[in-house]
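Asks: Pasting the sequence and the predicted model now:
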Amino acid sequence: MIFNDSNGSNFRISSTAINILLNFTLCLIVSYQAYVTVSFLNAINSKSLIFRGITLLIALCIVVYFFYTVYCSFSQPLVSTRSKISGPIKIADMDTFTLVGTFFLYYVIAHFFLINNIVVNQKLKKLDTEQRQNLSALFLKPLKSLVSVSLWIIITLFIISIAADIIRYSVLAK
């Protein structure tokens, strides 16, 4: 991306750095949620090995994806320019690896926003009142606040993006 300063000179921001930072943040958030979920399952002595395995597999795959992103970023560095795209945008040629990665990304999103919270909430309902309150404060509240903060950040960035596009293409285009 290129940002102009008041003198009219261009500052190029590497898409590589932005991509690595975004994926590192995703890696930290999903790994933290997996840690809290697995810690909860350990605290209640749950025998659900399948859910624990899926949760750890998702965190492991996100970490692997982060390192894959780092590798791809340095093997093919990309700096955005102001060149305009001529003609229509071509259809993305998605190979099998990309299709599986896309499906997995959707699954990670569903797992992050829904599944972990639902499973922890359902397991809490099976416990007695005192244990439920203690474990809820330790595990369910951090999971819910993580999802809540993530949603607010996504909504805020979406609104900022829309406002920036409106300003860029209407006010500054004159």
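Replies: Structure received. Numbering: from 1, shown residues only.
Asks: quick one, longest helix in the chain?
Replies: helix 15-43 (DSSP state H).
Asks: Just the buried residues of that helix, please?
Replies: 16, 20, 23, 26-27, 29-31, 33-34, 36-38, 40-41 (16 or more other CB atoms under 10 Å). For glycine as for every other residue, the C-beta is placed from the backbone atoms N, C-alpha and C.
Asks: just stretch 113-121 next, same as before
Replies: 115, 116, 117, 119, 120.
Asks: what's the closest of those to residue 62?
Replies: Distance to residue 62, by CB to CB, is smallest for residue 116 among the buried residues of stretch 113-121, at 13.5 Å.
Asks: residue closest to the middle of the chain?
Replies: For the chain, the residue nearest the mean C-alpha position is residue 26 (4.1 Å; CA atoms, centre = their mean).
Asks: what bits of the protein have low per-residue confidence?
Replies: The model of the chain has pLDDT under 70 over residues 1-15, 77-87, 89, 172-174.
Asks: Show me the strands in it, by range?
Replies: 2-4, 10-12 (DSSP state E).
Asks: hmm, back to that, other SSEs contacting the longest helix of the chain?
Replies: Packed against helix 15-43, as judged by 3 or more CB pairs under 8 Å, 6 or more residues apart in numbering; DSSP states H and E, are the following elements: helix 49-75, helix 116-125, helix 141-166.
Asks: closest one to residue 106 among those helices?
Replies: helix 49-75 (11.9 Å).
Asks: Remind me what that closest one packs against, helices and strands.
Replies: So helix 49-75, by 3+ CB pairs under 8 Å, 6+ apart, packs with helix 15-43, helix 96-110.
Asks: Out of those, which gets nearest to residue 69?
Replies: Across these, closest to residue 69 is helix 15-43 (CB to CB), at 4.6 Å.
Asks: Any idea how many residues pack against residue 111?
Replies: Burial of residue 111 is recorded as 20 neighbouring residues (other CB atoms under 10 Å).
Asks: Same question for residue 93.
Replies: 6.
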